[in-house]
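In: sequence-free structure coming up:
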């Protein structure tokens, strides 16, 4: 998996203005602050905080790895029986 | 080589999602369902944009959903669903109509025609005079009562006649409880097997006795299905066992039209029963409680070769069997009730059970059943057989 150094440049934030993708202001999807993640996903910070309180993985510095977060969301949805086709 | 997180293939997404410390959280089949649900929202239909995908997952998490069921509740609901499905399968309605009611009625009036019509493979040879006399005796015993023993050569069809007599008695409602008795337990079980096979496989029986045979056939030879079998919600109370066969309770509007037109409210064989036992077993106390609470006991007993070669050779065993015959068997109907009995047998030795039970011994043995004087080998019962 190669998403460390260059991934911040190749992952443009959703609904972010052109020019914010890549470059000096680019974010690292392996270590996102709640604010960065909130902007990237265009979801309220409160939603992310709620997920973190419910067990979404975060580093000791409180930063979130986008892929780990996606894995946790899938795990939660699976436990709800979502997308199981039942 | 870096992967383009804006254009992930499904395999790439699976690899990166499942490579976290949380282990496998996404299966290929679930991803396929996710693609079906939102591929154009988080990709181009084929490839996946990771950020948009995560956003879609967050939306899915926040989507209103029914209250989360705990495990017990989910299990209860699934069990309820399974029960409903099972119940639906166990409904045997509608009972088919009778294919040829005049044919059925004609066979009810004549045991011989019944045998020829519904069991042509077993009775394809011409009847001998002795056969016709035996058939007449069976008819009389079934419809009017009596005790008859008939000694016939091996291979003359006596066991088959006995089995067919049991079916004839029950299907037409002549006798509600027929007990087949063999010499030993294993032999007794074999007596019921061909009757069950006819219930499962004989197409003409199904065509003319649908109210009796259709529910039995619906069991598909599985006794597990008998408990919940019902017709329009009413249990049929069938029993499909090794030693016991209880015919279904079918009533009122579930009956075929021909029977309703005759004014019948229940089928002639409703709740009738055929059991098997042996002289070796404890035969006492044979009874059956019907749906209406009434208790019935055997009113017709068919003994098929009730002696073994060993018992026939032994004076003691022969006397013991005679005692059982005259005590337990003839007392099966209960105190004060008259039982009908037919015994098919083959004489093996002088002084055996058959000798004492039939006209082989002209002297008046006080407890003998009486009956035919068909000889052991003198009368060729099947004209075409040696």
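Out: Cool, the structure landed. Being a predicted model, the structure only gives us computed values, none of them experimental.
In: just the strands in the stretch 51-200 of chain B please.
Out: B:147-151, B:177-182 (DSSP state E, counting those that start in this stretch).
In: rank those strands by mean pLDDT and give me the bottom one.
Out: The weakest mean pLDDT among those belongs to strand B:147-151, with a mean of 79.
In: Packing partners of that strand?
Out: helix B:129-143, strand B:340-345, helix B:353-357 (3 or more CB pairs under 8 Å, 6 or more residues apart in numbering or on different chains; DSSP states H and E). Just so you know, the C-beta spots here come from the backbone N, C-alpha and C atoms, and that holds for glycine as well.
In: any chance of these in CSV, plus mean neighbour count?
Out: Formatted as CSV, these follow (neighbours: other CB atoms under 10 Å in any protein chain shown):
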stretch, mean neighbour count
helix B:129-143, 19
strand B:340-345, 26
helix B:353-357, 25
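In: Compare the ones you listed and give me the one nearest chain A.
Out: Taking CB to the nearest CB, helix B:129-143 is the member of the helices and strands packed on strand B:147-151 nearest to chain A, at 57.2 Å.
In: I'd like the distance from the closest one to the chain centre, please.
Out: Once both centres are worked out by CA atoms, centre = their mean, to the nearest Å, helix B:129-143 turns out to sit 27 Å from its chain's centre.
In: for stretch B:342-355, same thing?
Out: 31 Å.
In: quick one: low-confidence parts of chain B?
Out: B:1, B:66-69, B:355-386 (pLDDT under 70).
In: Go again with 50.
Out: For chain B, applying pLDDT under 50 flags the ranges B:360-386.
In: Chain A too?
Out: In chain A (pLDDT under 50), the answer is A:1-23, A:85-86.
In: Geometric centre of chain B: which residue is closest?
Out: The centroid of chain B falls nearest to residue B:240 when counting by CA atoms, centre = their mean (3.9 Å).
In: does that residue really touch residue B:192, like I thought?
Out: No. Using CB atoms under 8 Å, residue B:240 is not in contact with residue B:192; the gap is 10.1 Å.
In: Quick check: beta-bridge partners of residue B:91?
Out: With DSSP bridges applied, residue B:91 shows beta-bridge pairing to residue B:230.
In: show me what contacts it?
Out: B:230-233 (CB atoms under 8 Å, 6 or more residues apart in numbering or on different chains).
In: Do you have the helices of chain A handy? List them.
Out: All helices of chain A, identified by DSSP state H, fall at A:7-10, A:34-41, A:45-53, A:66-79.
In: contacting residues around the longest one?
Out: Under the criterion CB under 8 Å, 6+ apart, residues A:3, A:11, A:29-30, A:32, A:37, A:40, A:51, A:54-57, A:83-84, B:16-22, B:25-26, B:30, B:50-51, B:53-54, B:57-58, B:60-61 lie in contact with helix A:66-79.
In: Buried members of these into ChimeraX, please.
Out: Applying 16 or more other CB atoms under 10 Å in any protein chain shown to the contacts of helix A:66-79, the buried members can be selected in ChimeraX as follows:
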select /A:3,11,29,30,32,37,40,51,56,83 /B:16,17,18,20,25,26,30,50,51,53,54,57,58,60,61
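In: Point out the most buried one among the strands of the stretch 51-200 of chain B.
Out: strand B:177-182 (a mean of 27; mean count of other CB atoms under 10 Å in any protein chain shown).
In: Pull up the pairing partners for it, direction included.
Out: In the sheet, strand B:177-182 lines up against strand B:273-278 (parallel), strand B:300-304 (parallel) (DSSP bridges).
In: who touches the first one?
Out: With contact meaning CB under 8 Å, 6+ apart, strand B:273-278 is reached by B:166-167, B:170, B:176-185, B:187-189, B:191-192, B:195, B:239, B:243-247, B:283, B:286, B:288, B:296, B:298.
In: can you list the residues of chain B near chain A?
Out: Proximity of chain B to chain A (CB under 8 Å from any CB of the partner chain) is limited to residues B:1-6, B:15-22, B:25-26, B:29-30, B:33-34, B:37, B:50-55, B:57-58, B:60-62, B:65, B:68.
In: redo that, cut-off 6 Å
Out: Residues of chain B found near chain A (CB under 6 Å from any CB of the partner chain) are B:2, B:5, B:16-17, B:20, B:22, B:25-26, B:30, B:33-34, B:51-52, B:54-55, B:57-58, B:60.
In: And residue B:156, how far from residue B:87?
Out: According to CB to CB, to the nearest Å, residue B:156 stands 48 Å off from residue B:87.
In: which one is the residue of the stretch 51-200 of chain B found nearest chain A nearest to, not counting chain neighbours?
Out: Nearest residue of the stretch 51-200 of chain B to chain A: residue B:57, at 3.9 Å (CB to the nearest CB). The shortest distance from residue B:57 to any non-neighbouring residue, by CB to CB, 6 or more residues apart in numbering or on different chains, is to residue A:73 (3.9 Å).
In: give me the number of residues near the residue in the stretch 251-386 of chain B that chain A sits nearest to?
Out: Using CB to the nearest CB, residue B:254 is the residue of the stretch 251-386 of chain B that sits closest to chain A, at 36.6 Å. By the criterion of other CB atoms under 10 Å in any protein chain shown, residue B:254 has 21 neighbours.
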